[in-house]
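> okay, predicted coordinates and the sequence, questions at the end:
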Amino acid sequence: MGRRPGHAQGNRRSALSGKIPENSGTGTRLVNAGRREEWTGPVVNPPIWRASTHLYANEADRKAAQGNNADGQFYYGRRGAPTQWALCEALTQIEPGAFGTVIYPSGTAAIVQALMAVLRPGDVLLVTDNAYEPTRNIASGILKRFGVEPRYFDPLDVEGFAGKFCERTKAVMLESPGSLTMEVQDVPALAAIARDKGAVTLLDNTWASPLGFPALERGCDISLMSLTKHVSGHSDVMMGSASARDERLYRRLRRTAQQMGNVVSPDDAALMLRGLRTMQVRLDREAETAGEIATWLESRQEVAHVLCPILPGFPGHALWKRDFTGGCGLLSFVLKGGTEAGRAAFVDALELFGIGYSWGGFESLVIPFDPADIRSATPWPPASWNNEDRLGVRLSIGLEDPADLIADLSRAFAAMESV
Ligand SMILES: *Cc1c(COP(=O)(O)O)cnc(C)c1O
């Protein structure tokens with residue numbers, strides 16, 4: 001899979017200060033991240049510190065803690081304990097160029113709180129039209145209610161992007177590849193324009209993770225992830241993260257998260273740390289199978305478009321090759337014509353793909369999608385397509401054997417044709 005980032009520069013200063021040798025590769029980083037001896041003690045993994053109350057040695061000790069809101073300091077359960085701190089540090093260590101990372105109870109919580117950390121009433125927020133639907137709901141819902149004005153833009157129109165800014169534009173929300181439809185954005189170009197205009201660039205980096213797309217090195221200021229997907233990897237825990245490139249932004253994220261009463265359970269943090277160790281191996285395997293399946297789908301007469309950045313021939317493939325160092329198992333395709341009943345028969349006939357939201361787990365999933373009603377800045381289907389080709393299917397490819405998944409998909413196409 002593609003090139004592998006060397007992470008050669010390390011993080012010169014960071015919120016916490018656990019060390020991994022400067023030139024370590026991704027696998028070495030994933031294995032060692034967050035495992036400071038002061039947190040792990042004599043065992044391999046940071047233990048689960050279940051705590052609301054932290055006890056002080058004496059009154060002087062309590063008073064000293066009261067004035068100290070530094071990272072990695074005991075105070076009260078809401079500020080976490082070593083299990084959560086280890087996860088924050090680990091995520092910083094795998095995100096090239098990150099100063100620090102804040103964790104949240106879900107990816108959605110990370111998105112809304114990061115946006116609230118950088119925006120004020122009266123500000124304009126530019127949102128890419130291919131954003132995850134709950135991100136749009138945040139922008140057009142709670143943020144709008146608190147005085148922020150969301151404006152949506154064409155994810156692929158770099159030339160027109162600069163023209164979308166006004167005096168009040170203070171943040172840009174990117175997502176690449178886009179949810180469901182997989183457009184690959186020219187993130188370095190868009191982020192450079194945003195920086196020039198004085199706006200903060202946030203990127204939903206859930207698809208690639210920093211292993212596949214070093215967002216901060218590509219010009220973004222805040223890299224967001226739903227850890228629920230690849231980091232967990234086992235479909236049994238939810239969480240989100242925001243990693244900031246500099247101390248000022250990191251402090252804003254952390255302060256907002258503290259004021260919002262943000263808490264992540266230590267048990268969940270330990271599960272995330274477990275998932276993190278095997279993430280590169282899972283992503284490589286899933287991306288390899290996804291590439292095989294994408295190529296197979298392209299050859300099927302029932303399929304009009306395969307939406308998969310790692311597939312040569314996909315419109316976003318050149319940008320993916322230029323900017324990404326890896327992929328994952330999430331891809332979509334659009335049926336050639338077809339009916340909703342036929343698509344439902346296809347989905348129902350699958351035996352190895354569960355029907356369900358989320359993705360990035362060890363098991364394969366399928367979900368039908370129709371983004372036409374979600375978008376506001378760009379049409380779906382795109383103007384250059386045959387208008388009949390619009391019924392979408394998203395696949396999350398897991399760790400099953402590729403031949404078995406292809407046989408399952410093949411069976412499902414036969415079921416669709418018999419409707
Ligand atoms: C799932 C998802 C989220 C939200 O994450 P949750 O942990 O489910 O809240 C955000 N962005 C993208 C692209 C996602 O797929």
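Cool, the structure landed. Numbering: from 1, shown residues only.

> mind exporting the C-alpha coordinates of the helix or strand hosting residue 89 to PDB?
Using DSSP states H and E, residue 89 sits within helix 82-94. Taking C-alpha atoms only, helix 82-94 is exported to PDB below (Å, rounded to 0.1, in the frame of the first residue of the first chain):
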ATOM      1  CA  PRO A  82      -3.100   8.000  33.100                       C
ATOM      2  CA  THR A  83      -5.200   5.700  30.900                       C
ATOM      3  CA  GLN A  84      -6.700   8.600  29.100                       C
ATOM      4  CA  TRP A  85      -3.500  10.600  29.100                       C
ATOM      5  CA  ALA A  86      -1.700   7.700  27.500                       C
ATOM      6  CA  LEU A  87      -4.200   7.600  24.700                       C
ATOM      7  CA  CYS A  88      -3.900  11.300  24.100                       C
ATOM      8  CA  GLU A  89      -0.200  11.100  24.000                       C
ATOM      9  CA  ALA A  90      -0.300   8.100  21.700                       C
ATOM     10  CA  LEU A  91      -2.500   9.900  19.200                       C
ATOM     11  CA  THR A  92      -0.200  12.900  19.300                       C
ATOM     12  CA  GLN A  93       2.800  10.600  18.600                       C
ATOM     13  CA  ILE A  94       1.200   9.100  15.500                       C
END
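
> the next helix or strand after it pairs with which strands?
Next in sequence after helix 82-94, counting helices and strands by DSSP H and E, comes strand 100-104. Strand pairing for strand 100-104, determined by DSSP bridges: strand 240-244 (antiparallel).

> what does the strand it pairs with rub up against?
The contact list for strand 240-244 (Cβ atoms under 8 Å, 6 or more residues apart in numbering) reads 88, 91-92, 95, 98-111, 113-114, 210, 216, 221-228, 250, 252-253. (C-beta placed from N, C-alpha, C; glycine too.)

> near the ligand too, which of those residues?
Residues of these in contact with the ligand (Cβ under 6 Å from any ligand atom): 106, 107, 108, 226, 228.

> was I right about residue 419 contacting residue 343?
No - counting by Cβ atoms under 8 Å, residue 419 stays clear of residue 343, with 9.1 Å between them.

> show me which of the two is the more surrounded one.
Neighbours per residue, other Cβ atoms under 10 Å: of residue 419 and residue 343, the larger number sits with residue 343, 18 against 13.

> the more buried one contacts residue 393, correct?
Yes - using Cβ under 8 Å, residue 343 is in contact with residue 393, at 6.7 Å.

> what sits in contact with each of the two?
Common neighbours of residue 343 and residue 393 (Cβ under 8 Å, 6+ apart) are 335, 368.

> longest helix anywhere in the chain?
The longest helix of the chain (DSSP state H) is helix 279-298.

> just the buried residues of it, please?
If you call a residue buried by 16 or more other Cβ atoms under 10 Å, then helix 279-298 has these buried ones: 279-280, 282-291, 293-294, 296-298.

> what lies in contact with that helix?
Helix 279-298 has contacts (Cβ under 8 Å, 6+ apart) with 1, 26-27, 30, 209, 211-212, 230-231, 233, 303, 306, 308, 310-311, 313, 326-331, 333, 362, 395, 397-400, 402, 405-406, 409.

> out of those, which are inside strands?
Secondary structure defined by DSSP state E assigns 303, 306, 330, 331, 333, 395 of the contacts of helix 279-298 to strands.
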